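Enquirer: pasting the structure only:
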Ligand SMILES: Nc1ncnc2c1ncn2[C@@H]1O[C@H](COP(=O)(O)OP(=O)(O)OP(=O)(O)O)[C@@H](O)[C@H]1O
């Protein structure tokens, strides 16, 4: 029996799409060792050459491979995943970004060698996909402060989590909430919001949970409305994301829905899985139930969530 299972695992046809612009330092070294392992397992490997290329590659591979693996951060996962929607091919993830939201939610290890084992040994499940105008989100999309930061960050030369935190601390004190008109499954809501998130998974990345109860396969979007709040409440809100209690904060309301429309007098800055997008003056958000297959870890490779994990992952204790 064991031999049959092993043979089935070896027979998986997988394509690794590597974003060479993602990850840095030690991650790069580990990426090289990943390439050797993938080659010796008989898997195909290709590098994305520019933004949008990973999407083209995965669209061509859809239906022709059992798994197409995104090697990169959330932007690469989004591009590769988009090409696989409604196909028989599963998305695999080797997370090398700084947030790794979907990988963390799916409890995929962030150590490259372990994530590689998930491709070989993991199982496949279907997850929902959020559509927001012409974009697709597998993790969290939204408007407001986080989207504003994603637009600003896209223009920064300095990358990495530290540069990201610096930008937030510079922009947060002067950021003003905006008034939005939102229709949630037909019910009209008008509010001054700091941000509005559409959550498929529970977290942005790095175990910052914006929608603690979100399920990725329930056919519903967790609409997280963070109302305008006094700036001194920010630390409490931040901590409540880490301890998964933001839904109990008085400035937060979470509504589960299938269809949302937002109207705004000015073009909306949005983000999709952390990548900046322009949504125009009207955004339509809906859910595509179970439209994407993903690989998930077997029990012995599950990365249990731990708020200190992102810090520990930065310490190079081996692969
Ligand atoms: N060869 C390439 N050169 C430059 N950019 C690329 C290339 N291939 C893909 N990209 C773009 O790189 C961008 C960033 O990718 P990704 O989010 O995966 O990495 P990251 O920025 O390191 O991760 P994180 O967002 O978690 O910090 C994506 O928008 C993708 O389109």
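Expert: Arrived safely. Values in this document were obtained by computation on a predicted structure and should not be read as measured data. Residues are numbered from 1 along each chain as shown.

Enquirer: quickly find the element holding residue 284.
Expert: Counting by DSSP states H and E, the element that carries residue 284 is strand 275-296.

Enquirer: again but with residue 153, I slipped
Expert: Using DSSP H and E, residue 153 falls in helix 145-154.

Enquirer: residues contacting residue 253?
Expert: Shown in contact with residue 253 (CB atoms under 8 Å, 6 or more residues apart in numbering): 224, 225, 227. Every residue, glycine included, has its C-beta placed from N, CA and C.

Enquirer: what residues are bridge-paired with it?
Expert: residue 225 (DSSP bridges).

Enquirer: so where does residue 38 fall, helix or strand?
Expert: Per DSSP H and E: residue 38 is located in helix 26-40.

Enquirer: for that helix, packing partners?
Expert: strand 14-18, strand 44-47, helix 112-121 (3 or more CB pairs under 8 Å, 6 or more residues apart in numbering; DSSP states H and E).

Enquirer: pretty sure residue 212 contacts residue 247?
Expert: Yes: Residue 212 is in contact with residue 247 according to CB atoms under 8 Å; the separation is 5.6 Å.

Enquirer: related to what we said a few turns ago, who wins for proximity to the ligand among the helices and strands packed on helix 26-40?
Expert: strand 44-47 (6.6 Å; CB to the nearest ligand atom).

Enquirer: the closest one packs against which elements?
Expert: Where contact means 3+ CB pairs under 8 Å, 6+ apart, strand 44-47 is packed against strand 14-18, helix 26-40.

Enquirer: buried set for that strand?
Expert: residue 46 (16 or more other CB atoms under 10 Å).

Enquirer: picking that back up, what's the most buried one of the helices and strands packed on helix 26-40?
Expert: Ranked by mean neighbour count, the helices and strands packed on helix 26-40 are led by strand 14-18 with a mean of 24 (mean count of other CB atoms under 10 Å).

Enquirer: now the helices and strands packed on strand 44-47 in a markdown table, with mean pLDDT?
Expert: A markdown table is the format used below for the helices and strands packed on strand 44-47 (pLDDT from 0 to 100):
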| stretch | mean pLDDT |
| --- | --- |
| strand 14-18 | 96 |
| helix 26-40 | 83 |
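
Enquirer: how about these, which one is nearest residue 161?
Expert: Within those, the stretch nearest residue 161 is helix 26-40; the backing value is 12.8 Å (CB to CB).

Enquirer: contact partners of the closest one?
Expert: The contact list for helix 26-40 (CB under 8 Å, 6+ apart) reads 14, 16, 18, 23, 45, 71, 94, 96, 112-113, 116, 316, 319.

Enquirer: mind picking the two most distant members of the residues you listed?
Expert: For those, the farthest-apart pair by CB to CB is 14 and 316; their separation is 26.6 Å.

Enquirer: hang on, the earlier thing: partner strands of the strand holding residue 284 and their direction?
Expert: If you go by DSSP bridges, strand 275-296 pairs up with strand 90-95 (parallel), strand 123-132 (antiparallel), strand 259-272 (antiparallel).

Enquirer: among the ones you listed, which is nearest residue 50?
Expert: strand 259-272 (18.4 Å).

Enquirer: that closest one near the ligand at all?
Expert: No: Strand 259-272 does not reach the ligand (CB under 6 Å from any ligand atom); its nearest approach is 10.4 Å.

Enquirer: quick one: that strand to helix 145-154, angle?
Expert: Interaxial angle, strand 259-272 versus helix 145-154 (axes from the mean of the first three to the mean of the last three CA atoms, to 10 degrees): 30 degrees.

Enquirer: count of neighbours near residue 12?
Expert: Other residues near residue 12 number 19, with proximity taken as other CB atoms under 10 Å.
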